[in-house]
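Visitor: coords please:
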Amino acid sequence: MQSFTYLSPTEVIFGKDTQNQAAEYVRKYGGTRALLVYGGGSVVRSGLLGQVRHVLDESGIACEEFGGAMPNPTLEHAREGVRLALGFQADFILGIGGGSAIDTAKAIAIGAANPETDLWDFWCRKETAGSALPTGAILTIPAAGSETSNSSVLTDTATGSKRGLSTDLNRPKFAIMNPELTYTLPLYQVACGVTDIMMHTLDRYFNPVDNELTDAIAEALLRTVIAKGRIAIKDSHDYDAMSNLMWAGSLSHNGLTGLGGPGDFAVHQLGHELSAMFGTAHGASLSTVWDSWALAVCPEKPSRFARYARNVWGITGTDENAMAMAGIQATREYFKELGMPVNFGENQDIGIQDDKVLRELAYRCSFQRTRTIGNFKVLDEENIYEIYQKANR
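Guide: The predicted model follows:
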């Protein structure tokens, strides 16, 4: 194993009706004035927001609501939330929903603690945040893993740029996780969530370092997500399936499945540009490019893909190259089984694009030719373009 530092301080409160403990944990971590951050209204319609507000009110915790977090959370919306948090004098930010609401809450927490600096300067690495208001999460969508991760992603719609910020300031103080809160999800969102959980693990698993314990943890998580995902896309009210997916989502993105090796995350970087340009759902952006990425990088180390095929998909054989290809095909077919797109043509938000668009995507993904992506295989702008070209079918 390579050297690493591991921190996962989020207190997890898991199980039925745990949202009723929200006030206890907000107060435990110093909250007396809480800004409640949520998305498009499902938490309102389900009654969850009112339920949380009631338990906070009963405990004497002042509340202000801030809705409207987008599926790909925007810088503009987060800035608006910072202004509201400052005006309300919030001392705690509580994200209620999925990754978008929680990522927005994290951004507001950093912005409100550093009001002299524009939020985007932190996401663009021009400035380094030194503090953040404490945040908590009440999870309703097993997917992004934001409830236990150190990352937050924002899109600047003015420039079409999507950026992620990873800092331990982003780690929520607590995460309330009641699998029953997922029951209102459309099946497409469940499928996107399954894809995102898998990709958070795969983007760590496919790295140049073999690491038996970490690899075995990742493989077990992937096998579980694949099996439970098949059940969940048919019945999102299956408590066993949704509880396993919810916990897997947290473990997939709190750093555990990548310890001792350098993460790759090229697929996430490739997908971010599709979400930024076309507005496609995050999970769909990942499945759209994974197959083309895998085929492009597999020759770098076929044995890694062969191990994945054997230990995750149960594929046997003696020819590593054949096993590697079979593992890639099994993943592609599973995404299709979930109803997820595996190329541009299958993604209804994108469709077949001309070469000019592909070049622009590669230019943006390379941050205007100032960076490479990936560690399993380092990809420059031309490599990125070739992967988009492979996916453009």
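
Visitor: only C-alpha atoms for contact and neighbour calcs from this point on.
Guide: Noted.

Visitor: what's the domain layout of the protein?
Guide: For the chain, the domain assignment from automatic domain parsing gives the residue ranges 11-182, 187-391.

Visitor: for these, which one sits closest to residue 4?
Guide: domain 187-391 (5.9 Å; C-alpha to C-alpha).

Visitor: quick revisit: out of the domains of the chain, the one nearest residue 2 is which?
Guide: Of all these, domain 187-391 sits nearest to residue 2, with 4.5 Å by C-alpha to C-alpha.

Visitor: that older thread, let me have the domains of the chain in TSV, adding distance to residue 1 as columns.
Guide: What follows is the domains of the chain, written out as TSV (distance: least, C-alpha to C-alpha, whole Å):
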stretch	distance to residue 1
domain 11-182	22
domain 187-391	5
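
Visitor: dump those domains to a markdown table, plus mean neighbour count.
Guide: Listed next are these as a markdown table, based on neighbours: other C-alpha atoms under 10 Å:
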| stretch | mean neighbour count |
| --- | --- |
| domain 11-182 | 21 |
| domain 187-391 | 20 |
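
Visitor: for residue 3, find the nearest of these.
Guide: Among the domains of the chain, if distance is taken as C-alpha to C-alpha, the winner is domain 187-391, at 6.1 Å.

Visitor: pLDDT on that closest one, on average?
Guide: Here domain 187-391 scores 97 as its mean pLDDT.

Visitor: how long is that domain end to end?
Guide: 25 Å (C-alpha to C-alpha, to the nearest Å).

Visitor: ok, now which ones touch the residue nearest the centre of the chain?
Guide: In the chain, the residue lying closest to the centroid (C-alpha atoms, centre = their mean) is residue 144, at 3.0 Å. Residue 144 makes contacts with 98, 99, 193, 196, 197, 249, 250, 253, as judged by C-alpha atoms under 8 Å, 6 or more residues apart in numbering.

Visitor: the second one contacts residue 145, doesn't it?
Guide: Yes: under the criterion of C-alpha atoms under 8 Å, residue 99 lies in contact with residue 145, with a separation of 6.9 Å.

Visitor: and which of the contacts of residue 144 is nearest to residue 80?
Guide: Once C-alpha to C-alpha is applied, the member of the contacts of residue 144 that ends up nearest residue 80 is residue 99, at 18.3 Å.

Visitor: ok, that closest one - contacts?
Guide: With C-alpha under 8 Å, 6+ apart, residue 99 has these contacts: 141, 143, 144, 145, 146, 147.

Visitor: same question, residue 177
Guide: With C-alpha under 8 Å, 6+ apart, residue 177 has these contacts: 12, 13, 14, 15, 18, 19, 138, 139, 140, 246.

Visitor: what pLDDT does the third one get?
Guide: This means residue 14. Per-residue pLDDT puts residue 14 at 97.

Visitor: what about the helices in the stretch 51-200 of the chain?
Guide: 75-88, 99-113, 119-123, 187-205 (DSSP state H, counting those that start in this stretch).

Visitor: may I see the ones you listed arranged in TSV, with distance to residue 375 as well?
Guide: Listed next are those as TSV, based on distance: least, C-alpha to C-alpha, whole Å:
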stretch	distance to residue 375
helix 75-88	28
helix 99-113	25
helix 119-123	22
helix 187-205	10
